[in-house]
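> Take a look and give me a structure for this.
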Amino acid sequence: MRPSLPKEQPLRVAYVMQNAGNDLSEDVGQAILIKHKIRGLQQAGHDVSIFRLRGRSVVKIDDLNDMAHVSTIPLGFSNSGLFKFAESGVRRLQRELKLPYFAFIDSFRFYEACSRFLADYDLCHEYGGLFSLGAALACRRLRIPYVLTAEADALLENAVRGTPLRGIHAAVAKREARVTYRLANKIVTVSEPARQHLIKHWQVDADKIVVMPNGVDTELFHPHYDPNPVRAELGLGNAPVVGFVGGFQAWHGLDRLISSFSHILREVPDARLLLVGDGPIRSQIERQAAALGIQTAVTITGFIPQARVPQMLAAIDVAVLPYPRLPQELWFSPLKLYEYMAAGKAIVASGTGQLAQVIRSGHNGLLVGSDDNAAFTRSLVALLQAPQERQRLGDNARQQVLEQHSWKQYIDSLEAVYHAVLSK
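I've put the predicted structure just below:
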């Protein structure tokens, strides 16, 4: 391993993503988090370059504000005509026979690229994904410190979505995941439930796992936006508003929220439900609202750019995280939680996973059981009818974010992880 560097010395970090599932040109989901981390490291003075697959190439991105400008990494055998001819045949056969995707070709190409460029960097940090083995193997070959972000168990997420990997497909994915976990010098994950899952299910050494919850841009998200423009735009008027922000995924509990809101309207007839976002279950939610006869009280905005989300939050009186009971305790670190808190919103959330660790019920929000729908409804009604209590909870939430969950604090912790692996 290379000699350790002084803590004040800027680091050269290769941030790699073999998994092409995260489109950094968009401001949604994990792309937001990744860009905040990279920009934070760069603002702290570190030299950070992104390397990722793009089609049959591996490209380098240095400027997140100009992602159209990329450098292509020279390749060896994987760029030869013979290799590409064989690759085309394999991929065509895969499509025609509807064979599962194993990414062996992608992993080899990424391994070959990493083996060429990683020698110029102090460490490699990979945002992990399914079937992403190239960087870990290249780091082993070059003896480069390897940090892995494992925000979630991708196999578990596929199962929750209803698209589980099976048979040899699952076996290969598990084998490759174990290899990356074993080769990582440190694994950064987002919650204590995620850490426990890595230890118990994957037998990862507890000492190599670091829990780092997500952060929030406390300058973009704050409680001082004027709610009136958005309320006028969406026809909300002065109605009390319950709101949710995020992707419409099956595990977000939006069906639970719609059901609860139909009961809320009996107590607060002029209430409105504002759903900011979009996603795969949107049509299901729209049908549910129509079946309950509450569609006129529900507003769905569709996709909203990240820069406009704080304005949407300004129009919300009570923000919700209505996660249902999942096959495993909530393992991720919801970005929306910290956005709600930074915006000074009163929050009603399911008492599971990291939510139960961040929210102190009655102090900076209210927690209810994941399957206690009656308590969920009662909590929302109570806050809709208590503006002073909403203000108190929101103020406390904002203060906690400023003290514990800013991106600056996250980057300080990430630098400590880097120096820990470089010192060994």
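> now what about the least confident helix or strand in the chain by mean pLDDT, what contacts it?
Ranking every helix and strand in the chain by mean pLDDT, DSSP states H and E puts helix 154-161 at the bottom, with a mean of 79. Residues outside helix 154-161 that contact it (CB atoms under 8 Å, 6 or more residues apart in numbering): 128-130, 164-165, 170, 173-174, 177, 197, 249-251, 326-328, 331. Backbone N, C-alpha and C define where each C-beta goes, glycine included.
> Quick one, which of those are buried?
128-130, 165, 173, 177, 197, 249-250, 326, 328, 331 (16 or more other CB atoms under 10 Å).
> between the residues you listed, which is nearest Gly302?
Of all the buried ones among the contacts of helix 154-161, Gln249 has the smallest distance to Gly302: 15.4 Å, by CB to CB.
> and the gap between the nearest residue to that closest one once chain neighbours are set aside and Ser350?
Closest residue in space to Gln249, ignoring its immediate chain neighbours: Gly279 at 5.6 Å, by CB to CB, 6 or more residues apart in numbering. Gly279 sits 18 Å away from Ser350, going by CB to CB, to the nearest Å.
> try Ile264
Relative to Ser350, Ile264 is positioned 17 Å away (CB to CB).
> just to revisit the earlier point, count of neighbours near the residue nearest to Gln249?
A count of nearby residues for Gly279, using other CB atoms under 10 Å, gives 17.
> close enough to count as contact, it and Phe244?
No - using CB atoms under 8 Å, Gly279 is not in contact with Phe244; the gap is 11.2 Å.
> picking up where we left off before, ok, the buried ones among the contacts of helix 154-161 vs Thr218, which is closest?
Ranked by distance to Thr218 (CB to CB), the buried ones among the contacts of helix 154-161 are led by Trp331 at 25.0 Å.
> Touching, that closest one and Asp153? I think so.
Yes - contact criterion CB under 8 Å: Trp331 and Asp153 qualify, at 6.9 Å.
> Output the below-cut-off pLDDT ranges for the stretch 51-200 of the chain.
Nowhere does the stretch 51-200 of the chain drop to pLDDT under 70.
> all helices for it, in order.
Assigned by DSSP state H, counting those that start in this stretch, the stretch 51-200 of the chain shows helices spanning 81-97, 104-117, 134-142, 154-161, 167-183, 192-202.
> got the CA positions of the last one in PDB?
Once non-C-alpha atoms are left out, helix 192-202 reads as follows in PDB (Å, rounded to 0.1, in the frame of the first residue of the first chain):
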ATOM      1  CA  GLU A 192     -27.400   1.300  11.000                       C
ATOM      2  CA  PRO A 193     -30.000  -1.100   9.600                       C
ATOM      3  CA  ALA A 194     -27.900  -1.200   6.400                       C
ATOM      4  CA  ARG A 195     -24.800  -1.900   8.400                       C
ATOM      5  CA  GLN A 196     -26.400  -4.700  10.400                       C
ATOM      6  CA  HIS A 197     -27.600  -6.200   7.100                       C
ATOM      7  CA  LEU A 198     -24.100  -6.200   5.700                       C
ATOM      8  CA  ILE A 199     -22.800  -7.900   8.800                       C
ATOM      9  CA  LYS A 200     -25.500 -10.500   9.300                       C
ATOM     10  CA  HIS A 201     -26.500 -11.300   5.700                       C
ATOM     11  CA  TRP A 202     -23.200 -10.800   3.900                       C
END
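> Return the list of helices and strands in contact with that helix.
With contacts taken as 3 or more CB pairs under 8 Å, 6 or more residues apart in numbering; DSSP states H and E, helix 192-202 sits against helix 167-183, strand 186-189, strand 209-211, helix 353-358.
> Contacts for it next, please.
If you take CB under 8 Å, 6+ apart as the criterion, helix 192-202 is touched by 150-153, 156, 177-178, 181, 187, 189, 204, 206, 209, 211, 328-332, 353-354, 357.
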